[in-house]
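S.K.: Just need the structure, nothing else, for what follows:
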Amino acid sequence: MNQSHSSSFGLYEVFRILIPGFYFSSLSLIFYYAFLYQYFSIEIHPLMIIYFLFILVSGLTMYAKETTKKRRAFIENRPSEYLQNLIRQTKSSQLLDEDESRQLYFYILNHYFPTFFHEKVFFFGTVYHIMIQIRRSTFWFTILSLLCISIQIAMGISLDKQQGLVAFTIFISILYLIFVKYNKADRKMQENYLDQIFWLRMNEDLLKDILKKYERLKRGITP
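M.R.: Okay, the predicted model is just below:
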């Protein structure tokens, strides 16, 4: 991976931390003024400090958990699985486990794929993670807001006195439905995978040579 690819990778990783963190923190701030402010108030300057710290902490937390990688759109049709299947068709070769196939896939990606594929991998991978985290944040704030409205109704507080929270709940509910209906992140992730698999299929002779070299390396045989 050359220097330009390394800098692009670092920039995309920063986006994966800050954008979901900013979105989650912004929803938290709006939720505070729509609901929590009536129960306890914070002066504006300390609140802004908490807000910016919360952007970083929430972004890093979502980044570290990597729950987006457990979704079907991320797991299905991975190019590394294609390499595993190709190995199974070659009876003289040893099977690759998941870690080995992923390692080999990244080697091929970095050394043989055309340059524009690298940008597509970084870009669509980043968009996928950001959109899924944003959608999940929207979903949980929708549930939380509905729960808070229900609790306050049970306490005898009418909807007229919860206008801010009701407006916030309606807004994020509509936003969540839009994210679900126009689920472009999952579709683009799969299209990105299929494009890479197509390139691998068009270069099977090269792949077989790489697999033979990799097998010799596993056996401790120098090329």
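S.K.: and whatever helix or strand Asn85 lives in, what does it pack onto?
M.R.: Asn85 belongs to helix 79-89 when assigned by DSSP states H and E. The criterion is 3 or more C-beta pairs under 8 Å, 6 or more residues apart in numbering; DSSP states H and E, and the helices and strands that helix 79-89 contacts are helix 98-111, helix 184-202, helix 204-218. Heads up, the C-betas are built off the backbone N, CA and C, glycines and all.
S.K.: looking at the chain, which helix or strand does the model trust least?
M.R.: Of all helical and strand segments in the chain, the minimum by mean pLDDT, DSSP states H and E falls on helix 72-75, at a mean of 76.
S.K.: Could you check how far that one is from the centre of its chain?
M.R.: Here the centre of helix 72-75 is set off from its chain's centre by 11 Å, with C-alpha atoms, centre = their mean, to the nearest Å.
S.K.: which residues touch it?
M.R.: Taking C-beta atoms under 8 Å, 6 or more residues apart in numbering as the criterion, the residues outside helix 72-75 that touch it are Thr68, Lys69, Tyr128, Ala185, Asp186, Arg187, Met189, Gln190.
S.K.: Show me which of these are buried.
M.R.: Among those, those that count as buried by neighbour count (16 or more other C-beta atoms under 10 Å) are Thr68, Tyr128, Ala185, Asp186, Met189, Gln190.
S.K.: Give me the spatial nearest neighbour of the fourth one, chain neighbours excluded.
M.R.: The reference is to Asp186. What sits nearest to Asp186 in space, not counting adjacent residues and going by C-beta to C-beta, 6 or more residues apart in numbering, is Ala73, at 3.7 Å.
S.K.: Pull the number of nearby residues for the one you found.
M.R.: When counting by other C-beta atoms under 10 Å, one arrives at 17 neighbours for Ala73.
S.K.: how far away is it from Leu175?
M.R.: 20 Å (C-beta to C-beta, to the nearest Å).
S.K.: can you check Glu13 too?
M.R.: 26 Å.
S.K.: mind checking how far Lys184 is from Leu211?
M.R.: From Lys184 over to Leu211 (counting by C-beta to C-beta), the distance is 34 Å.
S.K.: so which strand or helix has the residue nearest the centre of the chain?
M.R.: The centre of the chain sits closest to His129, judged by C-alpha atoms, centre = their mean, with a distance of 1.5 Å. Assigned by DSSP H and E, His129 belongs to helix 115-154.
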